[in-house]
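Participant: dropping the sequence and predicted coords here.
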Amino acid sequence: MKLFSKILGLALVSGMVACSNAPEEAIEATDAKEVAKEVVSAETFSVVTDGDEINWIGFKTYNDDSHSGTLQVEEGEFQTEGGNIVSGKFVINMASINNTDMPADSEGKGKLESHLKGDDFFAVDQYPTATFSLTSVKLADESDTTGATHILSGNLSMRDQEKNITIPAMVNMEGDKIEIKTPEFVIDRTQWNVNHNSTASAEAVSKDYLIDNNIKLKITLIAKKS
């Protein structure tokens, strides 16, 4: 009877996860790849770090509860040759984690930000930055429905893991400026060892506290010729 109860409990949790309002499937994260090499003859564009370059949304696993916020890019640059991006990277300041769905002076906002910066999540004291380094840049296929002009692949190094991801982007190059915007995309935080209250956690977690593995991200970068 006890065995049956355990199996039934697991089935109920699985059903709740499947019926959640969590985001769509995460993009694939693979082993890190060789970073695109800088080109001596290329032109360099430095990222303008004026704030809110990255938007994020996190979700509870099976209900409507979610939180949103921003992250700041600390520095970055891209190289172009013949009007095409050939290499580049940007560094994310993880201590800049900011919640935007709660009042600025609320206790809840402060607690959430502290928790996200702590060891349960991104451990910013030990891992103060994350880095995205381009490994390839390709033109988007004509059948692409996201509005993307390019497909960017790069190594995302976060916490203690480095994984390669591929994301669509709208790239606009005019004169001395490059603008890069991505549609919303989803990563699985557990691929970077962020396992707190996740379905991948080794510890038993009450259904009320399960936090979805998937995080929605959206990036907007502007870089100007150095």
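Facilitator: That came in fine, so what should we check first? Residues are numbered from 1 along each chain as shown.
Participant: from here on, contacts and neighbour counts on C-alpha atoms
Facilitator: Will do.
Participant: which stretches of this structure form strands?
Facilitator: Assigned by DSSP state E, the chain shows strands spanning 30-31, 43-47, 54-60, 66-81, 84-99, 129-139, 150-158, 161-174, 177-181, 185-188, 211-225.
Participant: redo those as CSV? Include distance to E113.
Facilitator: Shown next, in CSV, are the strands of the chain (distance: least, C-alpha to C-alpha, whole Å):
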stretch, distance to E113
strand 30-31, 29
strand 43-47, 25
strand 54-60, 12
strand 66-81, 10
strand 84-99, 6
strand 129-139, 16
strand 150-158, 17
strand 161-174, 22
strand 177-181, 25
strand 185-188, 20
strand 211-225, 15
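Participant: pLDDT wise, what is T61 at?
Facilitator: On pLDDT, T61 comes in at 82.
Participant: how many residues are close by the residue nearest to it when sequence neighbours are not counted?
Facilitator: With sequence-adjacent residues excluded and distances taken as C-alpha to C-alpha, 6 or more residues apart in numbering, T61 is closest to D212, at 4.3 Å. Residues near D212, counting by other C-alpha atoms under 10 Å, number 27.
Participant: D212 contacts D64, correct?
Facilitator: No: the pair D212 / D64 is not scored as a contact, 11.3 Å apart, by C-alpha atoms under 8 Å.
Participant: where does the protein dip in pLDDT?
Facilitator: 1-23, 202-204 (pLDDT under 70).
Participant: need the contact list for S157.
Facilitator: 130-132, 163 (C-alpha atoms under 8 Å, 6 or more residues apart in numbering).
Participant: please name the bridge partners of it.
Facilitator: Beta bridges link S157 to T131, E162, judged by DSSP bridges.
Participant: how much space separates it from E142?
Facilitator: 30 Å (C-alpha to C-alpha, to the nearest Å).
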